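In: With the sequence up front, the predicted model follows.
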Amino acid sequence: MTVYGFIGAGNMAGAIVRGTIAAGTPATDVLLTSAHDSAARLAQATGARHVPVAADLVAASDVVVLAVKPHVVPGVLAPLADVLAARRPLVLSIAAGLSTERLAEMLPPGARVVRAMPNMAATVGQSMTALAAGPAATDTDLETADAS
Ligand SMILES: NC(=O)c1ccc[n+]([C@@H]2O[C@H](COP(=O)([O-])OP(=O)(O)OC[C@H]3O[C@@H](n4cnc5c(N)ncnc54)[C@H](OP(=O)(O)O)[C@@H]3O)[C@@H](O)[C@H]2O)c1
């Protein structure tokens, strides 16, 4: 089973987490971390697992979903460089306005990135989501992102 680790547990992460679990991913394969209490609250509401330390979440995830505001992304990724280089998860970003090239610059060399752009209809499970693969992402990565 694929383990999904969400960094950020706000409105969009909440919608995607609920949709992922409704589509059949076991809640225990969904990990959540955030800056304050939103990850713990979403975990309590959905059965997903709260992982307080972001590096621990990355170390345990096959797919890391970046679900924080775009301006926060550089500060989130910088301290995770070592664990991202070691674990090499697929990084799925929903941050508006951050290109796959820009994301790749913030990640270790060769990191596999897919950018997804859902919309608020995700909150009722009806979002149409555009996907764009970064330079190192594979067809399998796009399929994984599509299934997420
Ligand atoms: N809303 C939309 O319609 C929409 C559509 C498409 C894409 N997006 C994109 O989705 C992303 C999230 O948007 P949103 O509306 O879900 O935002 P949101 O509700 O404000 O949630 C932001 C989340 O980021 C967490 N966070 C902030 N700083 C963090 C840090 N340093 N480390 C870990 N977590 C941190 C917050 O944690 P705490 O609450 O615990 O502090 C919160 O869980 C954005 O990049 C946005 O561009 C949004």
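Out: Nice, I can see it.
In: Sketch out the low-pLDDT regions of this protein for me.
Out: Scanning the chain for pLDDT under 70 picks out the ranges 121-127.
In: quick one: the closest residue to the ligand within it and Ala35, what's the gap?
Out: Across the chain, the shortest distance to the ligand (Cβ to the nearest ligand atom) belongs to Gly10, at 1.9 Å. C-beta: built from backbone N, CA, C; applies to glycine. For Gly10, the distance to Ala35 under the criterion Cβ to Cβ, to the nearest Å works out to 10 Å.
In: Enumerate the residues of this structure near the ligand.
Out: Taking Cβ under 6 Å from any ligand atom as the measure of proximity, the chain contacts the ligand at 7-13, 33-39, 67-70, 72, 75-76, 94-96, 117-120.
In: which of these count as buried?
Out: If you count burial by 16 or more other Cβ atoms under 10 Å, the buried members of these come out as 7-10, 12-13, 33-34, 38-39, 67-68, 76, 94-95, 118.
In: of the residues you listed, closest to Ala133?
Out: Ala133 has its nearest neighbour among those in Ile94, at 14.5 Å by Cβ to Cβ.
In: Assess the claim that the closest one and Val65 are in contact.
Out: Yes. In terms of Cβ atoms under 8 Å, Ile94 counts as a neighbour of Val65; the distance is 6.9 Å.
In: between these two, what contacts are shared?
Out: Shared between the contact lists of Ile94 and Val65 (criterion: Cβ atoms under 8 Å, 6 or more residues apart in numbering) are residues Ile16.
In: Which ones among the residues of the chain next to the ligand map onto strands?
Out: In strands, defined here by DSSP state E, the members of these are Ile7, Thr33, Met117.
In: what's the second one in contact with, if anything?
Out: Thr33 sits next to Gly5, Phe6, Ile7, Ala9, Ala39, His50, Val51, Pro52, Val53, Ala54, Leu57 when contact means Cβ under 8 Å, 6+ apart.
In: What is the nearest of these to Leu80?
Out: Relative to Leu80, the closest of those is Ala54; by Cβ to Cβ it sits at 6.1 Å.
In: contacting residues for the closest one?
Out: The contact partners of Ala54, taken as Cβ under 8 Å, 6+ apart, are Ile7, Thr33, Val76, Pro79, Leu80.
In: what about the residue nearest to the last one when sequence neighbours are not counted, distance to Gly19?
Out: The reference is to Leu80. Counting by Cβ to Cβ, 6 or more residues apart in numbering, Leu80 lies nearest to Val58, which is 5.5 Å off, once chain neighbours are set aside. With distances defined as Cβ to Cβ, the gap from Val58 to Gly19 amounts to 22 Å.
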